[in-house]
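Asker: Next come a sequence and a model predicted from it.
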Amino acid sequence: MLKEVLLILAVIGAVLARSVPDDDFDAFIDIPFKKLKNSAQRIESYGYPAESHYVETEDGYVLNMFRIPHSPKLNNAKEANRPIVFIQHGLFSCSDCFLLNGPDDSLAYNYADRGYDVWLGNARGNIYSRNNTKISLNHPNFWSFSWHEIGAYDLPAMIDYILDLTGQEALHYVGHSQGCTTFFVMASFRPEYNAKIKTAHMLAPPIFMGNVSEGLVVGLAPYIGTPGTGSELLQNQVFLPWNEVIQRLLDTACSNEPFVHEYCKTLALMWGGGVGNLNVTLLPQVAETHPAGISTNQGIHFIQNHVSNEFRQYDWGTKKNLAKYGSEVPPSYDLTKITSMVYLYAGPADASANLKDIARLPEYLPHHELLEIDDPTWGHLDFIFALKVKEVINDVAIGLCETYDKLNKH
């Protein structure tokens, strides 16, 4: 956590303390902030139709989803019952991440151009889903959630909304990172939702995490990986809150100052484990809305799973566990209840979703396929931001969805 804060301060410092000849020095610099676009505006800027939808979860969180209903390249606006794909982002992220690669290489546009009705989800607590009809954003209870609640309440609410609106019975699901974790929660904790999933595509799934080597997870594990003072001090808070001024400084600097662009590469290094395959020209756009905000409980929960090497619910400590779960330790999710067809995509260089950990999953899943990326340098963020992401990931996932839809036409 400290690394991210120091990094942001370093970028700001670089902007403000940039080396300039004394005779050109101006103490009053007018920084021309770029206007922030939301996901719908990003979609429309490339000529695609965009819709914004809101759904309320059973515990009051209001989630903003975005939709690309059809593609301008296909002239298929009036085509009935287009197959649906629902795409869910990872930790610190939002729906924007599946749009930033532009219309040629972004997963959302690629699906739309192959005839799919595309829906982009946003989990509670990020910049698009910061409202609750029952409690205030400023109340500590607003942030009293982990990725368990996202899987148990957010995903079901969004999926039900989509299927009710379109009149269809099932959809394809694609998740990256935490978007995989929350799918595993939903499909095991609320197994009735397996019937609503045609295929599930898990891009870099952090489920079992015993072999994770990501610096922050490993570094913080001794302090907050088990219940105690550290986790109690940090839990139920917003972590790395999105701040308009800070984000404008970051993305404006990344766009306009070549010197500071190196700091933006460092930003990706700290948050994603490296820039090896990344399209670094996207970093200014990423900085506009990332980090998008999470509850500290989400990060703590991941670190708990790393320490326990199990996939289980949030560990509140013995006393609270007994009251909440009826046992001293939190219950593990029963992965054998996941009956959906699950495709597991694993990157050999992924420090957050280790190949050894992913390889534990098939024994629990009755319907699965493990797809190891044939590139020893493929890392965690490469699944959405790599230069070759279309050919390595997007085309593969879309092809598997198309195969299912052709075989299951009614």
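Answerer: Yep, it's here.
Asker: CA atoms for contacts and neighbours, from now on please.
Answerer: Will do.
Asker: Helix, strand or coil: sort out the residue nearest to the spatial centre of the chain for me.
Answerer: Geometric centre of the chain, nearest residue: residue 90, 1.5 Å, by C-alpha atoms, centre = their mean. Using DSSP: H, G, I helix; E, B strand; the rest coil, the three-state assignment for residue 90 comes out as coil.
Asker: Distance check, the residue nearest to it when sequence neighbours are not counted against residue 184.
Answerer: Residue nearest to residue 90 in three dimensions, not counting chain neighbours: residue 178, with 4.3 Å by C-alpha to C-alpha, 6 or more residues apart in numbering. From residue 178 across to residue 184, the span is 10 Å (C-alpha to C-alpha, to the nearest Å).
Asker: which parts of stretch 363-379 are buried?
Answerer: Of all the residues in stretch 363-379, those buried under the rule 16 or more other C-alpha atoms under 10 Å are 365, 368, 372-373, 378-379.
Asker: can you list contacts of stretch 69-85?
Answerer: The contact list for stretch 69-85, computed with C-alpha atoms under 8 Å, 6 or more residues apart in numbering, reads 47-51, 109, 111-113, 115-119, 166, 168, 170-174, 405.
Asker: chain center to stretch 320-337: distance?
Answerer: The chain centroid and the centroid of stretch 320-337 are separated by 25 Å under C-alpha atoms, centre = their mean, to the nearest Å.
Asker: Straight-line length of that stretch, end to end?
Answerer: 26 Å.
Asker: in the protein, which ranges drop under the pLDDT threshold?
Answerer: 1-35, 240-276, 410 (pLDDT under 70).
Asker: Give the bridge partners for residue 201, please.
Answerer: residue 174, residue 343 (DSSP bridges).
Asker: Return the residues in contact with it.
Answerer: If a contact means C-alpha under 8 Å, 6+ apart, then residue 201 has 173-175, 342-345, 397 as its contacts.
Asker: From residue 81, how far off is it?
Answerer: Counting by C-alpha to C-alpha, the gap from residue 201 to residue 81 is 21 Å.
Asker: Let me see the backbone angles for residue 280.
Answerer: phi -70, psi -20 (degrees, to the nearest 10).
Asker: and what of residue 63?
Answerer: Torsion angles, degrees, to the nearest 10, at residue 63: phi -110, psi 130.
Asker: thinking it is in contact with residue 94, fair?
Answerer: No - assessed by C-alpha atoms under 8 Å, residue 63 is found out of contact with residue 94, at 11.3 Å.
Asker: Residues that sit against both of these two, list them.
Answerer: Shared contacts of residue 63 and residue 94, defined by C-alpha under 8 Å, 6+ apart, are found at 121-123, 128.
Asker: ok, so of those, who is nearest residue 136?
Answerer: residue 128 (15.5 Å; C-alpha to C-alpha).
Asker: Quick check: the closest one touching residue 66?
Answerer: No - using C-alpha under 8 Å as the test, residue 128 is too far from residue 66 to be in contact (9.9 Å).
Asker: can you pull the contacts of the residue lying closest to residue 146 once chain neighbours are set aside?
Answerer: Among residues not flanking residue 146 along the chain, residue 298 sits closest, at 4.4 Å (C-alpha to C-alpha, 6+ apart). Residue 298 is in contact with 145-147, counting by C-alpha under 8 Å, 6+ apart.
Asker: Dump these into JSON lines; add distance to residue 328 and secondary structure as well.
Answerer: Output for the contacts of residue 298, formatted as JSON lines (distance: C-alpha to C-alpha, whole Å; DSSP: H, G, I helix; E, B strand; the rest coil):
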{"residue": "145", "distance to residue 328": "20", "secondary structure": "coil"}
{"residue": "146", "distance to residue 328": "19", "secondary structure": "coil"}
{"residue": "147", "distance to residue 328": "21", "secondary structure": "helix"}
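Asker: okay, these in CSV with distance to residue 210 next?
Answerer: Shown next, in CSV, are the contacts of residue 298 (distance: C-alpha to C-alpha, whole Å):
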residue, distance to residue 210
145, 23
146, 19
147, 18
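Asker: Now do the residue nearest to residue 90: how many residues are near it, please.
Answerer: For residue 178, the neighbour count with other C-alpha atoms under 10 Å is 26.
Asker: Let me see the backbone angles for it.
Answerer: Here residue 178 shows phi and psi, under degrees, to the nearest 10, equal to phi -60, psi -30.
Asker: ok, which stretches of this structure are strands?
Answerer: Using DSSP state E, the strands of the chain run over residues 51-56, 62-68, 84-88, 117-120, 171-176, 197-203, 238-239, 294-295, 341-346, 368-372.
Asker: the helices in the stretch 251-400 of the chain, which residues?
Answerer: For the stretch 251-400 of the chain, the helices defined by DSSP state H, counting those that start in this stretch cover 258-272, 283-289, 296-308, 318-325, 355-358, 382-385, 389, 395-407.
Asker: Go through those helices and pick out the most buried.
Answerer: Mean neighbour count (mean count of other C-alpha atoms under 10 Å) peaks for helix 382-385 among the helices of the stretch 251-400 of the chain, with a mean of 26.
Asker: coming back round to it: got a list of what the residue nearest to the centre of the chain touches?
Answerer: For residue 90, the contact set (C-alpha under 8 Å, 6+ apart) comprises 175-180.
Asker: what's the answer for residue 186, then?
Answerer: 151-152, 155-156, 193.
Asker: mind putting the residues you listed in a markdown table, neighbour count included?
Answerer: Shown next, in a markdown table, are those (neighbours: other C-alpha atoms under 10 Å):
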| residue | neighbour count |
| --- | --- |
| 151 | 25 |
| 152 | 20 |
| 155 | 26 |
| 156 | 21 |
| 193 | 20 |
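Asker: returning to what we had before: could the strands of the chain go into TSV alongside distance to residue 310?
Answerer: TSV is the format used below for the strands of the chain (distance: least, C-alpha to C-alpha, whole Å):
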stretch	distance to residue 310
strand 51-56	31
strand 62-68	29
strand 84-88	23
strand 117-120	29
strand 171-176	20
strand 197-203	18
strand 238-239	24
strand 294-295	21
strand 341-346	18
strand 368-372	20
